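A.B. asks: When you get a sec, could you give me coordinates for this:
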Amino acid sequence: MADIKNDGVSAKGMSLDVFDISAPELIKDLAGTVAHVAIEHYNLTPAMASKIGVDVALAFAEQAGGTQVYIPITQSVKISTRDLQMYEQFNGSNHNQLAKEYGCSRPWVYSVIKKIGKQMKDKNQPKLF
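C.D. replies: Sure thing, here's the model as predicted:
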């Protein structure tokens, strides 16, 4: 493994200048996003964050290279998280409160509780056949 402190070179030995010139846009965007998160949320220096971003992007390219990758929008993840929170807060009689708290209708709360309940049951209970 290359020395991560070596200026301008990632741990995988990739020159950041060469990466910037030769990497496809999607891979450069991924590296930039990882670097941004590393700076904002983990207080890394921009140089260190850039190196990590390049290494993550290269690892992703190696793993998924040549395949078509579908990346869902984060809204679906947020909705799933919201639905799970709603399910966990449900006590059997607080449909109205949950509808108000989550800004949805009471029938929608019923459907979310039913859907998540089925998913939890399917996850925790093995199939017999």
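
A.B. asks: Pull out the buried positions in stretch 85-92.
C.D. replies: 86, 87, 90 (16 or more other C-beta atoms under 10 Å). The C-beta positions use only the backbone N, C-alpha and C, and glycine is treated the same way.

A.B. asks: From residue 92, how far off is residue 110?
C.D. replies: Per C-beta to C-beta, to the nearest Å, residue 110 is found 12 Å from residue 92.

A.B. asks: what's the answer for residue 36, then?
C.D. replies: Applying C-beta to C-beta to residue 36 and residue 92 gives a distance of 43 Å.

A.B. asks: next one: residue 44
C.D. replies: For residue 44 relative to residue 92 (C-beta to C-beta), the value is 46 Å.

A.B. asks: same deal with residue 14?
C.D. replies: Per C-beta to C-beta, residue 14 is found 56 Å from residue 92.

A.B. asks: Report the central residue of this structure.
C.D. replies: residue 74 (7.5 Å; C-alpha atoms, centre = their mean).

A.B. asks: per-residue confidence for that one?
C.D. replies: The score at residue 74 is 75. That number is its pLDDT.

A.B. asks: what element comes up after the lowest-mean-pLDDT helix or strand in the chain heading to the C-terminus?
C.D. replies: None of the helices or strands of the chain scores lower by mean pLDDT, DSSP states H and E than helix 74-89, at a mean of 85. Moving toward the C-terminus from helix 74-89, the next helix or strand (DSSP states H and E) is helix 95-102.

A.B. asks: Can you point out the buried residues in that following helix?
C.D. replies: 95, 98, 99, 102.

A.B. asks: Adding pLDDT and distance to residue 63 as columns, could you present these in TSV?
C.D. replies: TSV is the format used below for these (pLDDT from 0 to 100; distance: C-beta to C-beta, whole Å):
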residue	pLDDT	distance to residue 63
95	94	44
98	96	40
99	94	42
102	92	36
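
A.B. asks: If anything else comes up later, I'll come back, but that's it for now.
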